[in-house]
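**Q** Structure of the sequence below:
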Amino acid sequence: METALANKIVGAMLEGDHFSKWLGIQPMLIEPGHCILKMTIREEMANGFGMAHGGITFSFADSALAFASNGHGRMSVALDCSISFPAAVKVGDVLTCEAKELSLTNKTGIYLIEVLNQNKEKVAFFKGTVYRTGKEWFPAQS
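**A** This is a model prediction of the structure:
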């Protein structure tokens, strides 16, 4: 039941998320507090060095943060995010990221997102903290 709700929420989020659609994000696994996403780096995502712009990888991980944290049913928004890039991402790379919940309280959640390329090389580490609002995605009908 919880997984079905998480998938319904992410479906609703993606419906209006034109940037994640532009990125080509494909949800592979959606669960409350956890998700795995996939995307391919296209030429228009490259910076002046011929590598993927760091903002592309950040946005990919940020979408994972949003999907994992909202999957519990309460609307959650980013409070703080940081990223490290241990390896370059190139045009044509197929990236996979996995968001894992590290901590969940009534008001906040902390998540670690690892981004890997098709060779299983770790290309980014993203840590995000979210604020959990009091608003439910699909409030129970009274």
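**Q** Tell me the strands beside the longest strand seen in the chain, with direction?
**A** Longest strand in the chain, counting residues (DSSP state E): strand 122-136. Using DSSP bridges, the strands paired with strand 122-136 are strand 74-84 (antiparallel), strand 108-116 (antiparallel).
**Q** would you list every one of the strands in this protein?
**A** For the chain, the strands defined by DSSP E occupy 26-31, 34-40, 74-84, 94-104, 108-116, 122-136.
**Q** where does the protein have low pLDDT?
**A** Scanning the chain for pLDDT under 70 picks out 141-142.
**Q** Could you count how many residues lie near the nearest residue to W137 once chain neighbours are set aside?
**A** Distance criterion CB to CB, 6 or more residues apart in numbering; nearest residue to W137, sequence neighbours excluded, is I9 at 4.8 Å. In this view, the C-beta of every residue, glycine as well, is placed from N, C-alpha and C. Other residues lying near I9 total 23 when counted by other CB atoms under 10 Å.
**Q** what's the spacing between P32 and S76?
**A** Look at P32 and S76: by CB to CB, to the nearest Å, they are 11 Å apart.
**Q** Give me the more crowded residue out of these two.
**A** Between P32 and S76, counted using other CB under 10 Å, S76 has the larger neighbour count: 25 against 18.
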